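> My questions are about this predicted structure, shown below with the sequence.
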2 protein chains.
Amino acid sequence: MSSIKTEIRAGAYYDSVILMQLQRSLADLPKVIDAGVVMATEANKDLLEQSGLLVDEIKGAKADDLVIVVKAENAKDAQKALEQVDDLVAARRSRDTVGQDFLPKSLETAAKTLPDAKWILISVPGRYAAGVSQEALRLGKHVFLYSDNVSLEEEIDLKKKGAEKGLLVMGPDCGTAIINGIGLGFANHVRRGPIGMIAASGTGLQQVSVRVHQMGGGLTHALGTGGRDLSSQVGGLTARMGLEVLDRDPDTKVIILLSKPPDPETADGIISFARGLSKPVVINFIGYGSTLQQIDNLHFTTTFDDTAAAAVRIAAGDETLQQEQEYPLDRFKAGQCYLRGLFSGGTLAYEALLILDYYLPAVYSNAPINKEYRLKNSLVSQEHTIVDLGEDEFTVGRLHPMMDHELRVQRLESEAEDPETALILLDVVLGYGSHPDPAAELAPVIKDARLNAEKAGRYLEVVIVVSGTDADPQDMKSQEERFREAGARVFRSNDKAVRYAGGLVQALEGKNEPVSAPSFTPVDLKSLTGKFSAINVGLESFTESLLAQNVGAVQVDWKPAAGGNTDLMALLEKMKG
Amino acid sequence: MSSIKTEIRAGAYYDSVILMQLQRSLADLPKVIDAGVVMATEANKDLLEQSGLLVDEIKGAKADDLVIVVKAENAKDAQKALEQVDDLVAARRSRDTVGQDFLPKSLETAAKTLPDAKWILISVPGRYAAGVSQEALRLGKHVFLYSDNVSLEEEIDLKKKGAEKGLLVMGPDCGTAIINGIGLGFANHVRRGPIGMIAASGTGLQQVSVRVHQMGGGLTHALGTGGRDLSSQVGGLTARMGLEVLDRDPDTKVIILLSKPPDPETADGIISFARGLSKPVVINFIGYGSTLQQIDNLHFTTTFDDTAAAAVRIAAGDETLQQEQEYPLDRFKAGQCYLRGLFSGGTLAYEALLILDYYLPAVYSNAPINKEYRLKNSLVSQEHTIVDLGEDEFTVGRLHPMMDHELRVQRLESEAEDPETALILLDVVLGYGSHPDPAAELAPVIKDARLNAEKAGRYLEVVIVVSGTDADPQDMKSQEERFREAGARVFRSNDKAVRYAGGLVQALEGKNEPVSAPSFTPVDLKSLTGKFSAINVGLESFTESLLAQNVGAVQVDWKPAAGGNTDLMALLEKMKG
């Protein structure tokens, strides 16, 4: 008749590798049927129950109690197995595994042993991890914080301290990173190349990096941030620091930014920040539906495969970064600041509103996307305005503005007289059914409007999107020429016309710089690009991996201070300041 | 001293072309300074006010009153101008414009004159448009309904009647269409080619069609539906009928579907309907952020330029349509229906949930996207389940499942024993830090699990995504081979693995057919592909455009019944049934 014996060690600390090995060694002992060696969390107790190992003594154990359970053929063998626990643990000597003659007991000693190491990898249990990270920051090292079960408050505190010192806090729960080709934690061996990555997602970073490799691309650096970095509380501090340093890295041509859907405000902030960078950024906020797939240097993608493919394509130079526009900003008079769009096409107006949303804070309309910005009176513009003159309200007993330009001419004249108008945006839809010669009606008015503005010391930009084909009855080329002669800037794509107009007016507003950029000390680029070496606290396999990659690494023979008593540890931590 | 004289004609009907021409003729008379000829809507009264023409007599006029205002140098000339109104109107003879010897007074007569015409274009004022459209449907004709200011109730009634008879009701407020190369209403002269379009957007259809042309592509047919077609009330009835007939058209290779953001439920329905088609569909629901850019045959785009570019690219054959998967459906036992995903990578699990959302109605998880589907107990699967074994709850004092497979092996065994499990999905993340030989631990378990299932008369599909590179320390190819030998289906892309798994389980559920397809009589394909001719009621310029395109067209000399008295008209309409 089988027998189960248990032992509970309250608040005891053991490395999880040791626990796994102890469990396996116990199970391998003669006459032992099964064994469990776990911290007594609810999940682990449920698992013990599934294996038929959850006896009454264990049910009351706490999450930081170590529970050892042995099920053997009889009580004597179970007891014998339990008595061997300490010998089995002692049999495993870290020294042999990582091949170090001497294992420093503290970060400080380790830092002296390997003074060039700029990185510390931390994978001690969550309840000790914040304290070890604080120590690492005090030593002026970047932190790769693999540990999970670290509180949000601790994360925020660590990241704020790191930001002050220009030190990256990657994590908590950061599984992976690649620095200058060297994999930290879990990382694939990926070809070197021109793509840099920032990811609030461990296996996301790994999957995208292997897909980049499989598609023929390669990476400079890939920085994990921890899964909560883009939460409202953390605000993407590590992501911003990482983006900023990759933007300065001459070997990085394209940046990938990966995260689960961020808090909306944080998303706006980080998008705005990324838009202020000089390089293309391929974004995948997994599950975040972007209303535009491209905005300036930003490319939104939805799956890891898409993300990898877009980055590889852009890095290969198939797409050049949108050129910095040369806007005639100096020619405008002070006070000229508003865009006025007078559309005959309702959906063209709608697309304009959609795109302008990424350029201007508020655009009023008689057919707004956001009802908050409905024009009080469709006949009177307010600040930035896009008016759809084809709306039902204008067409009762009146021809559509694509056939009859009278309304548009009137409105164009009054907008042009407004000293706050900087830019007038018009669509001209050619084709069957439309007015046979729109330029004949509109071009002279545009010319006069620009001359009148000039006389008043202003500069009036008129942007026209001509929507037509070379086979349309109106002769598109002649239409375009006459608009150009009248001083208008002519586009064939509504998309491009609106982006030009939005960019110009945004530049006029002087709001081109990233919004709400937090102050942080920039990361020293050399800590990424220099020869890599690191100190590792926790899982020895991480040191083994670093050694396998032929880089300098020191394993710390870490034990929690005060024997793992967290109250006492907190007190010690406070005393260090 | 100038003088303003006015005349109000209550409930009078005039074509809007006539009103425009009358206004211009009056303004051109000697000593006349300005003139206004408008229906007395609020918007039009505001416009008269802006021009200084809004005198007291007009202020009380109603929306269906015609207001004629003349401002002349003196009272006598103003009066003289007003007296010429009827002569000026009479001077314009439709007959001359459209070159018809005989202008039929009714649709019925017109249909006898041009019996092959399958289309009727309607652009009479909104308050008469529904009645004329009903007449057109009674005659068995497709309706191109340009008129706006038609009520939603009237639209629904017309579309239901059309659906019964297999007749398209394009509109109201449908500005544009191209049938077999012939432009209706406002339409560009676009190259013939393999792209078909459905659009609840007039100028959107025009802009995309001209961009397709400019990018070297071409169109078969482009069907407007009216802007409200994808509202919750109308439910996309015209869009569905259009999609269905284009899917049957042998010349159409790719379909574009364009609309402002539809009502969410209608969007789900129409997406599901489009996914049931045999052809690629490029969708732009302007301003609708899709969480995936591609789902099977559907491609989501965000701007007109993107839409046109994607359609041209797909039509050119650069991308082949995803092949119909051959799933081994017959091998599964009745009752096997669930997918069980056991992930070590949190973000891989998250991407899996995101993609499966398009395949399966509900997927439970310990880290769900939709909190409604949170597992009651992370250790126990419910229906379709994706479990992230790397979540904090599992890793207290335990190695990450990328290093230690014990938990996953246990779970895999129990899922495999569940007679409702059809498919087990696993990720295997290679690279530094991960387990040195995952196949050694997982492959034998997979093999046994599949054998045990076979013994029980079941078929167990195991899908594995191996995330790694050929330079990883584990030797990816050998890993993949051993998983294949164990009977697993191996992918390198999480995206593709999840789509395969989702597709298989969806097929097992027998839910592959489009959801909520409304019953409608299919449109006769020949009415699109046959020689085009049409009857036009309303704006004569539409007949002119048709004639300019060398097709048969008859202009109806339409006047509202009962002299435009809407009450009486409604009564007459009722009597017709």
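Alright, I've got the coordinates.

> Please make it C-alpha for all contacts and neighbour counts, starting now.
OK.

> contacting residues around the residue sitting furthest away from the middle of chain A?
Here chain A reaches farthest from its C-alpha mean at residue A:1, the gap being 57.9 Å by Cα atoms, centre = their mean. Residue A:1 sits next to A:73-74 when contact means Cα atoms under 8 Å, 6 or more residues apart in numbering or on different chains.

> And it, how far from residue B:548?
Distance, residue A:1 to residue B:548, using Cα to Cα, to the nearest Å: 99 Å.

> what does residue A:425 give?
From residue A:425 to residue B:548 the distance is 31 Å (Cα to Cα).

> Which of those two has more residues huddled nearby?
Shown here are residue A:425 and residue B:548; by other Cα atoms under 10 Å in any protein chain shown, residue A:425 has more neighbours (24 against 11).

> separation between the more buried one and residue A:490?
10 Å.

> Overlap in contacts, those two.
A:463-465.

> and the residues you listed, which are buried?
A:463-465 (16 or more other Cα atoms under 10 Å in any protein chain shown).

> Could you save the shared contacts of residue A:425 and residue A:490 as CSV and add columns showing pLDDT and secondary structure?
Formatted as CSV, the shared contacts of residue A:425 and residue A:490 follow (pLDDT from 0 to 100; DSSP: H, G, I helix; E, B strand; the rest coil):
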residue, pLDDT, secondary structure
A:463, 98, strand
A:464, 98, strand
A:465, 96, strand
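
> Among the residues you listed, which one sits closest to chain B?
Of all these, chain B sits closest to residue A:465, with 9.9 Å by Cα to the nearest Cα.

> For residue A:437, give me its contacts.
Shown in contact with residue A:437 (Cα under 8 Å, 6+ apart): A:474, A:479.

> try 10 Å this time
Residues in contact with residue A:437 (Cα atoms under 10 Å, 6 or more residues apart in numbering or on different chains) are A:403, A:430, A:473-476, A:478-479.

> Is any residue of stretch A:3-16 near chain B?
Yes: with Cα under 10 Å from any Cα of the partner chain as the criterion, chain B is reached by stretch A:3-16 at A:13-16.

> Any idea how far apart the tips of that stretch sit?
End-to-end distance of stretch A:3-16: 26 Å, with Cα to Cα as the criterion.

> again, but for stretch A:132-147
Stretch A:132-147 has its terminal residues 11 Å apart, counting by Cα to Cα.

> any idea how far that stretch is from the chain center?
Relative to its chain's centre, stretch A:132-147 lies at 22 Å (Cα atoms, centre = their mean, to the nearest Å).

> Quick check: buried residues in it?
A:132-137, A:140-147.

> tell me which element residue A:442 falls in.
Using DSSP states H and E, residue A:442 sits within helix A:438-455.

> and that helix, what does it pack onto?
Contact here means 3 or more Cα pairs under 10 Å, 6 or more residues apart in numbering or on different chains; DSSP states H and E; on that basis helix A:438-455 packs against helix A:406-417, strand A:421-429, strand A:461-467, helix A:476-485.

> Identify the residue spatially nearest to whichever residue of the stretch 201-350 of chain A sits closest to chain B, adjacent ones excluded.
Residue of the stretch 201-350 of chain A nearest chain B, by Cα to the nearest Cα: residue A:289 (4.0 Å). Nearest non-adjacent residue to residue A:289, counting by Cα to Cα, 6 or more residues apart in numbering or on different chains: residue B:289, 4.0 Å away.

> sec struct for the one you found, please.
Secondary structure, DSSP: H, G, I helix; E, B strand; the rest coil: residue B:289 is coil.

> now swap in residue A:8 and tell me
Residue A:8 - assigned by three-state DSSP - is strand.

> helices and strands of chain A: which one bottoms out on pLDDT?
In chain A, the helix or strand scored least confidently by mean pLDDT, DSSP states H and E is helix A:94-98, which has a mean of 55.

> How is chain A partitioned into domains?
A:3-92, A:107-320+A:524-569, A:338-508 (automatic domain parsing).
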